[in-house]
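Chemist: Sequence and predicted model, in that order:
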Amino acid sequence: QVQLVESGGGLVQAGGSLRLSCAASGRTITNYVMGWFRQAPGEEREFVAAISASWSGGRTYYADSVKGRFTISRDAAKNTVYLQMNSLKSEDTAVYYCAAVPRGSYDDKNGYNYWGQGTQVTVSS
């Protein structure tokens with residue numbers, strides 16, 4: 001079992017930055033694909049970013065809508081995954097979720113086994 005707890009959400013003006021954290025317990029996250037997803041009101045949950053397990057190279061993947069603005073990273077010592085979000089836009093407003101899966105398609109939300117409770121990000125224009 002993996003327990004995930006997100007933090008770092010909040011209210012920020014357009015153009016600003018936030019860093020989300022996802023603290024994991026129960027398992028070592030370097031053995032998992034770690035993903036960030038988001039869900040705006042009335043919308044489907046969508047893929048944002050992911051980082052593959054260490055054994056597969058720790059590669060990073062991004063949705064086109066956030067490429068160049070968001071960065072996913074992992075701190076093995078803290079068993080924590082981060083999402084650095086820069087140049088935020090109003091359309092980035094959503095609840096952001098952290099997720100984990102031992103292996104699978106990085107952008108398939110239905111493939112992830114473990115989810116956090118989410119953290120709200122609101123970008124004011």
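Modeler: Ah, there it is. The structure displayed is predicted, hence computed values, not measured ones.

Chemist: Show me where this structure has its strands.
Modeler: Secondary structure of the chain by DSSP state E: the strands cover 3-7, 10-13, 18-25, 33-39, 46-51, 60-62, 70-75, 80-85, 94-101, 114-115, 119-124.

Chemist: highest average neighbour count across these?
Modeler: Of all the strands of the chain, strand 33-39 carries the top mean neighbour count, a mean of 24, counting by mean count of other CB atoms under 10 Å. For glycine as for every other residue, the C-beta is placed from the backbone atoms N, C-alpha and C.

Chemist: ok and that strand relative to strand 18-25, angle-wise?
Modeler: Relative orientation of strand 33-39 and strand 18-25, computed by axes from the mean of the first three to the mean of the last three CA atoms, to 10 degrees: 130 degrees.

Chemist: circling back: right, so of the strands of the chain, which gets closest to residue 107?
Modeler: The closest of the strands of the chain to residue 107 is strand 46-51. By CB to CB, the value is 4.0 Å.

Chemist: ok now the closest one, how far from the chain's centre?
Modeler: Relative to its parent chain, strand 46-51 has a centroid offset of 6 Å by CA atoms, centre = their mean, to the nearest Å.
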